[in-house]
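**Student:** Next comes the sequence, and after it the predicted model I'd like to discuss.
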Amino acid sequence: MHQWQTGRIGVLGDYAYIVDTAWRIAQGEVMYRDFGLPHSPLTFHVQATLIKVFGFSYGVTAWYCTVVNVGYVLLTYGLVRVLVPGWSGVALCVPLVWLAPHSIYPHPFYDPDACWLVLLNLNLLQWVATRRVGAVVAFLGGVTTVLPALGKQNVGYPYVLLVVGVVVWWGWVRERWVGGRAEGESREGSKGEEGLDVVGLRWFGAGVVAGAVGVVVWLGLTCGLGNYWRWVFVSASRRLARPTIPETYGNYAPWVVGGALVLGWWLWQRKGEVVRPSWVTTASLALLLGPFIVVSAITWLCGRFFIGFNYPLLSLWVPVMILTLVVGLWHLPAALFSSRLMWAMLPWAIVILTFFSFLSQGYTRSSYGIWAFFVLMVAYAVSPFGSDRWQPLVCWGITFSLTLAAFPYVYHNVRLRYVDQWGASLQTTSSGPLRDFTACSPYLGNFAELLDFVADHIPESEPVVCIPQEDPFYVMTERRNPLPMVIFDRTATPFSPKEIVEEAERRQVKWVIVKRVLQIRHLAKETKGIPEAFSEKYTTVAKLKGYDILYRSAPAQADSP
């Protein structure tokens, strides 16, 4: 699915942000010390490693995304089958063929990486908690708990705290509360459940501590803890879209739909207590499946209308979160003392991580990387009814509806509405490291013209500044970025336009490339004032189809670092 998507659309600005940063790291520069970024380092370091091993190639990053997609679905299924048995579990994972992150968004990015690492660690935690594995294996599994924090801070750090709380409770505290009963469950399980390996959990917890200490030491020895804190927390906090909390949760409609799901779930579990009229079964199925069916119908009947607005499929996020919280509260007293650690942990972990993920850009833009969490919430909600003959019908009904709604969501590239998709035709790079990259015209053609101009007129020894650096210029030309920032985003640089020009002069920058024709139009707002500030001191020496080339022969200062 991802390979199909790469032939349909590419996002130059986002791709350049990842690979140009990775190129700097591959050349020996250190994040947060030599240049600033308000994001966790892991995604960039992974891509830097791929560049070192294979050299830069769009094909390598594309296959990386495909592998992540496949692993994402398999890891999700590994957790779903803990909650939902048989073909019902398979059914709930089917929509991820379309909704795996790189089926929606084709390039490497930190949201999918962080979610993938959370899924990996949850599978390892489930394995350690239910199988008698060696101490070393359990310890190394615990070490991986800190990796999501290095992937994306607003998801990863809450996850680490959640895992610490879970391990402390199930590894130490719970056993004291329930006494001998816990010991019996640890050895044999209860009511057919898998037993809880307390010793393995304790080794897993030791691995978490060791991983955290290792990360702190690594950051301190490389970039410095002060620099890391400044960029990853202080600077990144400006990126939080605080109005998205009322925007995401303040509308009455999601709460009404969530109430319908909760009522349907309550009727469903009530119908199993005693013999109930058939209308109870009908009502519960209608309330549980209704929101999914309605969204699917709206998608196909009114799809053209909704392309420019919040897509109907996304409106299901908050209702499913509400349902998961209610079901979690319903089972909380039993869950705390159950030996089924993953069943007890998942609803709270997934809802909390989803909430923190949405803090940055809300569900309309942050959900593309975490659809596995959505599937796990649905699986948890239907998990108490594994013996009910209606459970497969509900699971397959949800699957069918989600798949119908997901296909046009992906096909129309709704998540990528911020990219210009209205070109007369698609352009695909036919050769070089960027081969097979596809975008609407004229952006790739313009970029190719720029690369030819640079090769002919700008010596490799002379530094070049690109504004707003929407293209993967530095990795393609194998040049060094002379400025201590990667992109001119309001959260990625603390400098004013005047300070940026002064820094460029201090570093003896003679050439400035200003991109006029942008694929991501809003970058013009991010760079407002910067091209004008350079124009005051630099002279335009060439005008290409999409770029202005500025030059200054005599920088004001000559104290380049």
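**Tutor:** Great, that's in hand.

**Student:** What are the phi and psi values at Leu426?
**Tutor:** With angles defined as degrees, to the nearest 10, Leu426 sits at phi -90, psi 140.

**Student:** check contacts around the nearest residue to it once chain neighbours are set aside.
**Tutor:** Nearest residue to Leu426 in three dimensions, chain neighbours excluded: Thr438, at 5.6 Å (Cβ to Cβ, 6 or more residues apart in numbering). Yep, even glycine has a C-beta here, placed from its N, CA and C like the rest. By Cβ atoms under 8 Å, 6 or more residues apart in numbering, the residues touching Thr438 are Thr6, Gly7, Arg8, Ile9, Gly10, Leu426, Gln427, Thr428, Thr429, Leu444.

**Student:** From Ala91, how far off is Leu261?
**Tutor:** 18 Å (Cβ to Cβ, to the nearest Å).

**Student:** and what of Ser360?
**Tutor:** On the measure of Cβ to Cβ, Ser360 and Ala91 end up 31 Å apart.

**Student:** Neighbour count: the two, which is higher?
**Tutor:** Ala91 (23 against 18; other Cβ atoms under 10 Å).

**Student:** how much space between the more buried one and Val375?
**Tutor:** Counting by Cβ to Cβ, the gap from Ala91 to Val375 is 10 Å.

**Student:** what about Val475, how many neighbours?
**Tutor:** Neighbour tally, Val475, other Cβ under 10 Å: 25.

**Student:** tell me the secondary structure for it?
**Tutor:** Of the three states, Val475 takes helix under DSSP: H, G, I helix; E, B strand; the rest coil.

**Student:** these two touch, right, it and Gln27?
**Tutor:** No - contact status for Val475 versus Gln27: not in contact, 9.8 Å apart, counting by Cβ atoms under 8 Å.

**Student:** If you drop the residues flanking it in sequence, what lies closest to Val94?
**Tutor:** In space, Val94 is closest to Thr399, 5.0 Å off (Cβ to Cβ, 6+ apart).

**Student:** From the contact counts, what lies against the helix or strand containing that neighbour?
**Tutor:** Take DSSP states H and E as the rule and Thr399 turns out to sit in helix 391-411. Applying 3 or more Cβ pairs under 8 Å, 6 or more residues apart in numbering; DSSP states H and E, one finds that helix 391-411 contacts helix 86-93, helix 96-99, helix 101-104, helix 278-301, helix 371-382.

**Student:** So what's the gap between it and the chain middle?
**Tutor:** 22 Å (Cα atoms, centre = their mean, to the nearest Å).

**Student:** List the buried residues of that helix.
**Tutor:** Of the residues in helix 391-411, 391-392, 394-410 count as buried by neighbour count, 16 or more other Cβ atoms under 10 Å.

**Student:** That helix relative to helix 86-93, how many degrees between them?
**Tutor:** Put simply, helix 391-411 runs at 20 degrees to helix 86-93, going by axes from the mean of the first three to the mean of the last three Cα atoms, to 10 degrees.

**Student:** Next secondary structure after helix 391-411?
**Tutor:** Next along from helix 391-411, by DSSP H and E: strand 426-428.

**Student:** partners of that following strand, with directions?
**Tutor:** Sheet pairing of strand 426-428 (DSSP bridges) gives strand 438-440 (antiparallel).

**Student:** Let me know the average pLDDT across the partner strand.
**Tutor:** The pLDDT scores in strand 438-440 average 93.

**Student:** Helix or strand next in line after it, which one?
**Tutor:** Following strand 438-440 toward the C-terminus (DSSP H and E): helix 443-457.

**Student:** just how off-centre is that following helix within its chain?
**Tutor:** On Cα atoms, centre = their mean, the centre of helix 443-457 falls 32 Å from that of its chain.

**Student:** Could you list the buried residues of it?
**Tutor:** For helix 443-457, using 16+ other Cβ under 10 Å, the buried residues are Tyr443, Leu444, Asn446, Phe447, Ala448, Leu450, Leu451, Val454.

**Student:** Excluding residues flanking it in the chain, which one is nearest the fourth one?
**Tutor:** What sits nearest to Phe447 in space, not counting adjacent residues and going by Cβ to Cβ, 6+ apart, is Asp471, at 5.0 Å.

**Student:** neighbours around that neighbour, how many?
**Tutor:** The burial count for Asp471: 26, using other Cβ under 10 Å.

**Student:** show me the contacts for it.
**Tutor:** Leu12, Gly13, Ala16, Phe447, Leu450, Lys515.

**Student:** pretty sure the second one is touching Gln519, no?
**Tutor:** Which is Gly13. Yes - between Gly13 and Gln519 there is a contact under Cβ under 8 Å: 6.5 Å.

**Student:** Which helix or strand contains the most centrally placed residue in the chain?
**Tutor:** The chain has Asp111 as the residue nearest its centroid, 1.5 Å off, counting by Cα atoms, centre = their mean. Using DSSP H and E, Asp111 sits in helix 110-130.

**Student:** neighbours around the nearest residue to Gly445 once chain neighbours are set aside, how many?
**Tutor:** Spatially, and ignoring its direct neighbours in sequence, Gly445 is nearest to Gln427 (5.9 Å; Cβ to Cβ, 6+ apart). With neighbours defined by other Cβ under 10 Å, the count for Gln427 comes to 20.

**Student:** ok, now Val514?
**Tutor:** Residues near Val514, counting by other Cβ under 10 Å: 21.

**Student:** Give the helix, strand or coil label for it.
**Tutor:** Val514 - assigned by three-state DSSP - is strand.

**Student:** So it sits against Lys543, correct?
**Tutor:** No - here Val514 does not reach Lys543: they are 10.1 Å apart, not a contact under Cβ under 8 Å.

**Student:** need the strands for this protein, in chain order.
**Tutor:** With strands called from DSSP state E, the chain shows them at 426-428, 438-440, 464-467, 511-515, 539-543, 547-551.

**Student:** tell me what the third one is packed against?
**Tutor:** When contacts are defined as 3+ Cβ pairs under 8 Å, 6+ apart, strand 464-467 packs onto helix 473-477, strand 511-515, helix 530-535.

**Student:** excluding its backbone neighbours, what's nearest Pro484?
**Tutor:** Phe35 (4.8 Å).

**Student:** Just list whatever residues bridge to Asp548.
**Tutor:** Counting by DSSP bridges, the residues bridging with Asp548 are Val514, Lys543.

**Student:** Could you shift the numbering so residue one becomes 7, and keep it that way?
**Tutor:** Right, with 7 as the first residue, what we last looked at is Asp554.

**Student:** give the contact list for it.
**Tutor:** Contacts of Asp554 by Cβ under 8 Å, 6+ apart are Ile519, Val520, Arg522, Pro537, Thr546, Ala548.

**Student:** Next: His337.
**Tutor:** Ala350, Pro390.

**Student:** quick one on the thing from earlier: quick check, nearest of the contacts of Asp554 to Thr67?
**Tutor:** Lowest distance from Thr67 to the contacts of Asp554 (Cβ to Cβ) belongs to Ile519, with 23.3 Å.
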